[in-house]
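>>> pasting the sequence and the predicted coordinates here, then a few questions.
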Amino acid sequence: MKTEVAIITITKVIEGPTMTAATPDEVDCQQRQLVCIDDSGYIERVINESDDDFSAVKRDAEQNDRLLTLKSNEYLLPGFIDLHVHAPQWPNAGVALDRPLNEWLDTYTFPMEAKYKDVGFAKRVYDDLVGELLANGTTTVLYFGSVDNPANLELAKACVNHNQRGFIGKVAMDNPDQTPENYRDASAQSAVDDTERFIQQIDRLNQTSPIKQTAVITPRFVPSCTPESLKGLGELAKKYDLPVQSHCSESDWENGYALEHYHKRDAEVLDEYGLLTDKSVMAHGTLLTQADLDTFKARGVAVAHCPISNVYFGNAVLPVSKLLQQQVKIGLGTDISGGYSPSIYQNIRQAVMSSRMLNDGVNSELAPAQRGTNYPPISAKNGFYLATVGGAKSLHLKTGQIKARYLADLQVVKSPLKSFEDESLDQIFEKIMYHASKADVKQVFVQGRLAKTSNN
Ligand SMILES: O=c1[nH]c(=O)c2nc[nH]c2[nH]1
């Protein structure tokens with residue numbers, strides 16, 4: 001019997017220095033590699049300068065016009081994965097962050113999200129947002145949409161048009177006590193039915209889109225849902241084996257709501273309704289207890305750490321090093337617009353800074369030994385790991401690293417600062433983490449497809 005041999009065609013070869021997380025604490029930096037990308041958008045091989053066929057592969061790519069050689073101050077990194085974005089809140093980025101969470105939601109956020117009944121408005125905002133996130137080096141995003149499906153479908157189409165991998169949720173919020181009349185699901189049943197309809201719409205969209213989009217079961221959070229919608233959504237998650245996203249233990253007010261209304265922690269409520277699975281991503285978690293973390297670990301639930309947003313609404317600092325040490329899945333999220341910045345670089349920096357304050361403590365009236373906590377601060381390398389490998393593991397994606405058989409989700413980044421003397425790749429890596437902005441992200445590839453380019 002003849003065995004079929006799949007013929008792999010290399011469509012692009014990128015030559016240059018690479019930086020990819022190897023472990024939470026180590027970044028593998030290489031001075032010169034060839035990253036060979038195949039026609040299905042996967043990295044087929046990574047070739048070192050010392051490998052026998054380095055020159056031959058480079059020559060062949062050059063002759064066939066497939067070689068991209070990075071400029072002398074450019075570096076190839078994996079694209080970032082943003083685990084928490086509220087797409088409809090993009091026009092509000094940076095607005096009213098001094099208000100408490102419940103007031104911010106009622107006064108600014110829900111009224112903005114209600115505007116997405118206007119599909120034309122949705123189209124304009126989502127086109128801009130998806131382009132902006134890609135321009136910042138973000139290749140995969142876990143999005144909260146809004147209540148209204150026509151707008152959510154526009155978000156999915158914007159991802160397809162811009163070549164971004166989107167995980168997108170129709171937001172379910174049917175509790176009349178905690179949601180405004182003009183912006184809520186009419187009933188628990190309609191919240192569940194509309195979620196199922198959105199799953200089918202995404203399936204249809206995927207039949208013609210090269211980069212697949214994924215529908216996500218999205219109960220907004222315990223306060224805005226009724227037990228009936230939580231139950232129905234848990235059943236849908238099981239029926240379709242889909243990812244789930246929500247907010248969990250995100251602030252004193254929200255934490256208190258579950259305790260007062262259910263006499264349970266919100267993690268327990270979500271778990272009871274089948275919403276904590278190994279495909280669940282829970283945003284914030286600043287107030288998770290050890291028992292909650294044990295549940296997350298047992299179920300395989302991931303935390304979307306949103307360090308900028310947590311400064312405003314979190315009421316505490318998430319002990320990232322504790323989660324890493326306990327091997328609870330964790331990645332990074334910008335939380336537009338609870339977080340004002342669409343840049344994962346900025347969130348890496350804030351994650352490091354918040355962790356240092358958690359370790360040191362903040363009250364100068366206390367003696368040093370009483371002031372802080374025992375959770376070690378995290379490093380820029382830890383932050384980079386969360387933004388790449390952590391996100392990929394949370395979404396079960398083979399991406400986030402520059403490795404054979406991984407998706408070619410990549411960003412070309414220019415070193416933001418001049419070098420005045422010889423610097424190690426490790427030093428350059430740290431300077432990129434601390435200084436890079438959108439202007440330094442020169443090209444972005446998602447599944448091998450060019451999604452951003454800039455000529456300067
Ligand atoms: O930061 C947040 N942004 C939101 O939109 C939201 N909804 C519930 N809880 C939330 N937290």
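Nice, I can see it.

>>> element containing residue 427?
Using DSSP states H and E, residue 427 maps to helix 425-435.

>>> and that helix, which residues are buried?
Neighbour-count burial for helix 425-435 flags 425, 428-433 (criterion: 16 or more other Cβ atoms under 10 Å). Every C-beta, even on glycine, is put in place using the N, C-alpha and C of the backbone.

>>> got the residues of the stretch 251-400 of the chain near the ligand?
309, 313, 335, 338 (Cβ under 6 Å from any ligand atom).

>>> got the contact list for residue 257?
Residue 257 makes contacts with 222-223, 266, as judged by Cβ atoms under 8 Å, 6 or more residues apart in numbering.

>>> quick one on the thing from earlier: now do the helix holding residue 427: everything it contacts.
Under the contact criterion Cβ under 8 Å, 6+ apart, helix 425-435 has outside partners 17, 19, 27, 29-31, 75, 77, 345, 348-349, 380-381, 383-384, 413, 415-417, 419, 423, 440.

>>> again, but for stretch 443-453
11-12, 37-42, 79, 131, 134-135, 137, 139-140, 162-165, 210-211, 407-412, 441-442, 454.

>>> ok, back up a step: redo the residues of the stretch 251-400 of the chain next to the ligand as CSV? Include secondary structure and pLDDT.
Listed next are those as CSV, based on DSSP: H, G, I helix; E, B strand; the rest coil; pLDDT from 0 to 100:
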residue, secondary structure, pLDDT
309, helix, 98
313, helix, 97
335, coil, 98
338, coil, 98
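
>>> out of the residues you listed, which end up buried?
309, 313, 335, 338.

>>> the last one against residue 312, yeah?
What that stands for is residue 338. Yes. Under the criterion of Cβ atoms under 8 Å, residue 338 makes contact with residue 312 at 6.5 Å.

>>> next up, the contacts around the residue in the chain that the ligand sits nearest to.
With Cβ to the nearest ligand atom as the measure, residue 338 is the residue of the chain nearest to the ligand, at 3.0 Å. By Cβ under 8 Å, 6+ apart, residue 338 lies in contact with 86, 89, 97, 101, 104, 306, 309, 312-313.

>>> show me the contacts of stretch 443-453 that map onto helices.
131, 134-135, 162 (DSSP state H).

>>> of the residues you listed, which pair is most distant in space?
Using Cβ to Cβ, the pair of the ones in helices among the contacts of stretch 443-453 lying farthest apart is 135 and 162, separated by 9.8 Å.

>>> higher neighbour count, the two?
residue 162 (23 against 18; other Cβ atoms under 10 Å).

>>> returning to that earlier point: which ones among the contacts of residue 257 are found in helices?
Going by DSSP H, the helices hold residue 266 from those.

>>> export the contacts of residue 257 as TSV, with columns for pLDDT.
Output for the contacts of residue 257, formatted as TSV (pLDDT from 0 to 100):
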residue	pLDDT
222	98
223	98
266	97
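
>>> which of the contacts of residue 257 has the most neighbours?
residue 222 (29 neighbours).

>>> mind listing what it touches?
By Cβ under 8 Å, 6+ apart, the neighbours of residue 222 are 230, 246, 254, 257-258, 261-262, 266, 269-270.

>>> tell me the bridge partners for the residue positioned nearest the centre of the chain.
Nearest residue to the geometric centre of the chain (Cα atoms, centre = their mean): residue 82, 1.7 Å. Note on residue 82: beta-bridge partners by DSSP bridges are residue 141.

>>> who wins on neighbours among the contacts of residue 338?
residue 306 (32 neighbours).

>>> for the closest residue in space to residue 20 that isn't next to it in sequence, list the residues it contacts.
Distance criterion Cβ to Cβ, 6 or more residues apart in numbering; nearest residue to residue 20, sequence neighbours excluded, is residue 402 at 4.1 Å. Residues near residue 402 by Cβ under 8 Å, 6+ apart: 18, 20, 33, 35, 43, 46, 76-78, 410.

>>> end to end on stretch 385-393, go ahead and measure it.
Terminal residues of stretch 385-393 lie 11 Å apart, using Cα to Cα, to the nearest Å.

>>> since we're on residue 80, how many residues are nearby?
Residue 80: 30 neighbours (other Cβ under 10 Å).

>>> right, and it touches residue 411 too?
Yes. Using Cβ under 8 Å, residue 80 makes contact with residue 411 at a distance of 7.4 Å.

>>> overlap in contacts, the two.
137, 139.

>>> quick one on the thing from earlier: overlap in contacts of residue 338 and residue 312?
The contact sets of residue 338 and residue 312 overlap at residue 97 (Cβ under 8 Å, 6+ apart).

>>> secondary structure class for residue 396?
Of the three states, residue 396 takes coil under DSSP: H, G, I helix; E, B strand; the rest coil.

>>> looking at the buried ones among the residues of the stretch 251-400 of the chain next to the ligand, spot the one nearest residue 177.
Nearest member of these to residue 177, counting by Cβ to Cβ, is residue 313, at 20.4 Å.

>>> who are the neighbours in contact with the closest one?
100-101, 104, 250-251, 284, 338.

>>> of those, which belong to strands?
residue 284 (DSSP state E).

>>> can you tell me which of the contacts of residue 313 is nearest residue 367?
Distances from residue 367 to the contacts of residue 313, taken by Cβ to Cβ, are shortest for residue 251, at 29.3 Å.

>>> okay, now that closest one: neighbour count?
23.

>>> please name the nearest non-neighbouring residue to residue 359.
Per Cβ to Cβ, 6+ apart, closest to residue 359 is residue 377, 4.6 Å.

>>> helix or strand: which one has the one you found?
Per DSSP H and E: nothing holds residue 377, as it lies in no helix or strand.

>>> residues touching it, list them.
Here residue 377 is in contact with 321, 352, 355-356, 358-359 (criterion: Cβ under 8 Å, 6+ apart).

>>> give the buried subset of those as a ChimeraX selection command.
In ChimeraX, a selection of the buried entries from the contacts of residue 377 looks like this (16+ other Cβ under 10 Å):
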select :321,352,355,358,359
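
>>> out of the contacts of residue 377, which are inside helices?
Reading helices off the contacts of residue 377 with DSSP H, I get 321, 352, 355-356, 358-359.

>>> make TSV out of these and add pLDDT and distance to residue 183.
Converted to TSV, those look like this (pLDDT from 0 to 100; distance: Cβ to Cβ, whole Å):
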residue	pLDDT	distance to residue 183
321	98	39
352	98	36
355	98	36
356	98	39
358	98	35
359	98	41
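
>>> dump these into CSV; add distance to residue 365 as well.
Shown next, in CSV, are the ones in helices among the contacts of residue 377 (distance: Cβ to Cβ, whole Å):
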residue, distance to residue 365
321, 26
352, 25
355, 22
356, 19
358, 18
359, 18
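
>>> assign residue 76 to helix, strand or coil.
Recorded secondary structure, residue 76: strand (three-state DSSP).

>>> what about it, neighbour count?
Around residue 76 there are 23 residues (other Cβ under 10 Å).
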